[in-house]
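Student: compute the structure for the input listed below.
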Amino acid sequence: MVHRPGELVFHAISHGTERALRQYFSLFFWFLVMPGPMGLVVYMMAHWSVIRERDVWQAQAFAHERPTMQEAWETHKLKAAISPRFVLFAMEWLPARLIALTVGLVAQLDDAALAWRTAKNHSRFSNRAPLTAVFFTAVGLVGGAAFDPVSKAASEGQLLSEENQVQALQQFRQLIFKCAVVWLMATLVFAILGWLPSSRL
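Tutor: Numbers count the residues shown, from 1 in each chain. Presented below is the predicted three-dimensional model:
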């Protein structure tokens, strides 16, 4: 929920990062890596399993508190490793880092790497949080400390002028488009060289 006008841009970029990771780039990555539609099917099964698990937890919210992935890992590593959340984390591990690398190449690589490391220290079992920090940094919003929309850094977004907020959102959209173009160009090169599983069928 947005309590201050300046928070809107942070929530928009955070939500946009999640959509870009889970609805576009990860799907595209697994479609290319695994032959045929197998990659899409496996990834979508993991994704919807996490959504189902979250819905069940929300329905039983008063019965017990949902543990974080870090807490689940410390309690029972094997059970955590076969959970839908961990499987999805593992499947998004490489796509998230490739997106961050792409953002660094089209924006500023050193700043992107610093933002990733800063956010990763706060969220070991998350790909979205450090990736969001990279996008925040690339559009000039509070650097890597802004990966959490409810953090103090994010609340400082209210100090941004409306023009700067609009500009940040436009830059975010442009970054997503540039990343998509880079991925498509790389895919074309790999397909020509015969390095993709689908190109060898």
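Student: okay, CA-based contacts and neighbour counts for the rest of this
Tutor: Noted.
Student: residues near the residue nearest to residue 14 when sequence neighbours are not counted, how many?
Tutor: Distances taken as CA to CA, 6 or more residues apart in numbering place residue 132 nearest to residue 14, at 5.8 Å, with adjacent residues excluded. Counted by other CA atoms under 10 Å, the residues lying close to residue 132 total 29.
Student: same thing with residue 119?
Tutor: Counted with other CA under 10 Å, the neighbours of residue 119 add up to 24.
Student: likewise residue 24?
Tutor: Residue 24 has 12 nearby residues by other CA under 10 Å.
Student: do the same with residue 77
Tutor: Residues within reach of residue 77, counting by other CA under 10 Å, total 14.
Student: what do you get for residue 176?
Tutor: 19.
Student: cool, and residue 109?
Tutor: The tally of other residues near residue 109 (other CA under 10 Å) stands at 17.
Student: pretty sure it sits against residue 101.
Tutor: Yes: with contacts counted by CA atoms under 8 Å, residue 109 reaches residue 101, the gap being 7.3 Å.
Student: which secondary element of this protein has the worst mean pLDDT?
Tutor: helix 152-155 (a mean of 50; mean pLDDT, DSSP states H and E).
Student: need the next SSE after that one, C-terminal direction.
Tutor: Helices and strands here follow DSSP states H and E; after helix 152-155, the next one along the chain is helix 162-193.
Student: chain center to that following helix, what's the gap?
Tutor: Taking CA atoms, centre = their mean, to the nearest Å, one finds the center of helix 162-193 at 14 Å from the center of the full chain.
Student: ok, and for it, which residues are buried?
Tutor: Of the residues in helix 162-193, 164-165, 168-169, 171-172, 175-176, 178-180, 182-183, 187, 191 count as buried by neighbour count, 16 or more other CA atoms under 10 Å.
Student: do stretch 36-47 as well
Tutor: In stretch 36-47, counting by 16+ other CA under 10 Å, buried: 39-40, 42-44, 46-47.
Student: from those residues, which two are the most distant?
Tutor: Farthest apart among the buried residues of stretch 36-47 by CA to CA are 39 and 47. That separation is 12.1 Å.
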